[in-house]
Each structure stands twice: as structure tokens, then as C-alpha cells.
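In: just the structure for this:
(one chain, ligands or ions: 1)
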Amino acid sequence: MQHRLTFFLNSAARKVSTAQIAPKLEQWADRHGIDAQLVSPALQDLPQTVAHAVAAGRLPVAVGGDGTVHQLAQHLPAKTTFATLPLGSGNDFATALGWAKSLDAALEQLRTAQPVELDCLHVSQDGTPHFTGLSVAGWGFASDVNREANASSVPGALQYPVGVFQALAKGGTRSVRLTFDDDTVVEDRFWTVLVCNTSMAGGGMRFAPDADPQDGMMEVLALGDVSTLGLVGLLGRVYLGKHLGHPQVKLWKCRSLTIEPLEEQPGPWSPLLAEGDSYQGAAKTRFDLQSAGISMLAPLEASFKR
Ligand SMILES: [Mg+2]
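Out: Below you'll find the predicted structure:
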């Protein structure tokens, strides 16, 4: 890793205290003779701060959780190499890429990390780009869990389990039409539909255990008509990645997906979720996989095509 770095610290991430982390990053950079800059822009200043760093030939590093790297990725020029250092309350994307969970170990990995090209998800509504997804985007129950987790005041590790139970209380399956690759149509009732580029979301839940962000395909997972209790049991199996044999778990591989809620009225569409961020739903939301759409530093020991 011979880059000049700009660390983006997310001041809003719950587990990241800029005051605590900044000296650590500065000491690490000094010790290894790395040219590192630290910034912590407010969300509205993020596009400009990213543009400045990239124009100056610096490699942006998102320091935080999945939400931090998601936000950064929304503002990067195409094919700009970037990185993530896992520090937030949810680090599923970084974990899937092979980053260590402790900051010291991840910084050690960063010194020798190399760029890899990974697929990404372009999400659009009515032909208008909505957001870029890096790991797992969701509709239905998963999105409700995320909203409840973000709104909850419990400590980080408990946010998702608490979110699950709060969302269950509102729960139930929803009728939806899924169109794969513009030809195969499935209409059914599902608790949730998850579009997976990497394997994990929701704080270590292995929804698509075999998802490969370099195979040019997205994996679409849907949890069908099980009881509330059945869903709780199923989610327990998801942590272990042992749910795929369940008769109400469906998995497809495709390059594009359109989601159309069938029982909703224009207006308060079920929202979408991506890396902890919530987005407006719509009558039709389209997911297109872009093969090798992003370039990211990955630890040397991670098994990616380079
Ligand atoms: Mg894939």
C-alpha cells in the first residue's frame, strides 16, 4: 500500500469517537511514514470533501461501520479505489472483505492491502439512479429491523436483536412481484427480500453464505410464509448460514431484479435498506449488478481475484 490516504471519520457513527480514534490513526501513519490526512465532514459536506481528496490523488478510507462506507461510496467518481476500516456498530461489509475486527489488526492489514475489483449494485426507480449498494440491500422485514435498530437506544451489539423483535411486532409477509433478468417473474408473499452482493448483513447474519462479489451475479434471498415464531427460528439459522435448505427460503442468482410491492398504495411505499441506510421505496425498484464496478483495497490474505 503506497497510497496517500484520507481517513473519513464518521462523527455520527455510534462506536467511533473521533477524539479517541484520530490520535491512533496519526500515530500509525507517523510510525510507518504514511501520508495520512484525517477529515470528519458533516453529511452535507461529504461530496465536496470526497472530491477534494480524490482530486489531490488521495485514497479515501471510510473509518466507521457499513453506513460510513456506504455514504462514501455514493460520492466517489467511477473506479476510484477506496477502502474501509471497520469501526461502526455494523461491519458486515468489511468483515466479508476479510478485514479484522480490531482497529490495530485492521491497520496492520491496511499497510499491505491491495486493490481488488468488486461488483456493486446500482439501484434505480423510474430510470432515476437511487443509490449504489455494496453488500446487501433489503426490502420488507429486514428494512424494518434496520429502522428499529437505528432508532433504538440500546448498546451497539444489541441493536439488531432488539430491532428484530420490534419489527416482528409490526410484522407479516407482504405480497410482491419479483422480476429476474427482465424475464422470470415470481409473485408471492415474503417477509423480506434481500439483494446480496456479499454474504452478510444485520450484524453477522449470513443471509447469502456463498455470495461472491466477483462472480458478476447478485444473489436474491427471500423469506416466505412462515409464522412469526417460525421466522425467529429461521433468523437463528441465518446467523449460522444454515437456512438455505428451509422450504420457505428462496434463493435466485441473477444480474438484475425488479421489486414491485403489490398491496401498497402510492406514497408510503415500504422503504429499502442498504448498508444501514434507509431509502424511499417505490412502485418499482430496479437493481442492476455492475460487474467489477468498484475498486477497493482488500487485505492480502483475502481470497479475491487480483
Ligand atoms: Mg455475486
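
In: contacts only, for Phe8.
Out: By Cβ atoms under 8 Å, 6 or more residues apart in numbering, Phe8 lies in contact with 39-41, 46, 49-50, 60-64, 68, 72. Every residue, glycine included, has its C-beta placed from N, CA and C.

In: that one in helix, strand or coil?
Out: Here Phe8 is strand, with the state taken from DSSP: H, G, I helix; E, B strand; the rest coil.

In: what's the neighbour count on the nearest residue to Val249 once chain neighbours are set aside?
Out: Setting aside the residues directly before and after it, Val249 is nearest to His243 in space (Cβ to Cβ, 6 or more residues apart in numbering), at 5.2 Å. His243 has 22 neighbours, counted by other Cβ atoms under 10 Å.

In: how far does stretch 219-229 sit from its chain's centre?
Out: What separates the centre of stretch 219-229 from the centre of its chain is 20 Å, taken as Cα atoms, centre = their mean, to the nearest Å.

In: output that stretch as CSV, nothing but the C-alphas.
Out: Only the C-alpha atoms of stretch 219-229 are listed here, as CSV (Å, rounded to 0.1, in the frame of the first residue of the first chain):
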residue,chain,number,x,y,z
GLU,A,219,-27.9,-13.5,-5.0
VAL,A,220,-31.5,-12.7,-4.1
LEU,A,221,-32.8,-14.2,-0.9
ALA,A,222,-36.5,-14.2,0.0
LEU,A,223,-38.0,-15.5,3.3
GLY,A,224,-41.5,-16.8,2.6
ASP,A,225,-44.6,-17.5,4.5
VAL,A,226,-43.6,-18.7,8.0
SER,A,227,-45.2,-17.8,11.3
THR,A,228,-43.7,-15.1,13.5
LEU,A,229,-42.2,-17.9,15.6
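
In: who touches that stretch?
Out: With contact meaning Cβ under 8 Å, 6+ apart, stretch 219-229 is reached by 141, 168, 171, 173, 178, 180, 188-196, 207-208, 210-211, 231, 234, 248-254, 257.

In: what helix or strand is whichever residue of the stretch 1-150 of the chain sits closest to the ion located in?
Out: Residue of the stretch 1-150 of the chain nearest the ion, by Cβ to the ion: Asp119 (5.6 Å). Asp119 is part of strand 114-125 when elements are defined by DSSP states H and E.

In: sheet partners, orientation included, of that strand?
Out: Paired strands of strand 114-125, with direction, are strand 128-133 (antiparallel), strand 285-298 (antiparallel) (DSSP bridges).

In: which stretches of the stretch 101-250 of the chain form helices?
Out: 103-112, 141-151, 156-170, 228-240 (DSSP state H, counting those that start in this stretch).

In: the third one: which residues count as buried?
Out: Within helix 156-170, the residues scored as buried using 16 or more other Cβ atoms under 10 Å are 159-164, 166-168.

In: Asp181 and the ion, how far apart?
Out: For Asp181, the distance to the ion equals 14 Å [Cβ to the ion, to the nearest Å].

In: next: Met218.
Out: Note on Met218: its distance to the ion, by Cβ to the ion, is 6 Å.

In: comparing the helices of the stretch 101-250 of the chain, which gets the lowest mean pLDDT score?
Out: When those are compared on mean pLDDT, helix 156-170 scores lowest, with a mean of 75.

In: and it, what does it pack onto?
Out: Secondary-structure packing of helix 156-170 (3 or more Cβ pairs under 8 Å, 6 or more residues apart in numbering; DSSP states H and E): helix 141-151, helix 228-240.

In: recalculate using a threshold of 6 Å.
Out: If contacts are counted by 3 or more Cβ pairs under 6 Å, 6 or more residues apart in numbering; DSSP states H and E, helix 156-170 sits against helix 141-151.

In: residues in contact with the helix it packs on?
Out: For helix 141-151, contacts defined as Cβ atoms under 6 Å, 6 or more residues apart in numbering pick out 159-160, 163-164, 166-167, 191-192, 194, 271, 273, 278.

In: which of the residues in it are buried?
Out: Of the residues in helix 141-151, 141-150 count as buried by neighbour count, 16+ other Cβ under 10 Å.

In: could the contacts of helix 141-151 be laid out in CSV, adding distance to the ion?
Out: Below are those laid out as CSV (distance: Cβ to the ion, whole Å):
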residue, distance to the ion
Gln159, 27
Tyr160, 23
Gly163, 26
Val164, 26
Gln166, 31
Ala167, 27
Trp191, 23
Thr192, 19
Leu194, 13
Pro271, 24
Leu273, 19
Ser278, 24
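
In: and the lowest-mean-pLDDT helix or strand in the chain, how far from the chain's centre?
Out: The helix or strand of the chain with the poorest confidence is helix 156-170; it has a mean of 75 (mean pLDDT, DSSP states H and E). Put simply, helix 156-170 sits 18 Å off its chain's centre (Cα atoms, centre = their mean).
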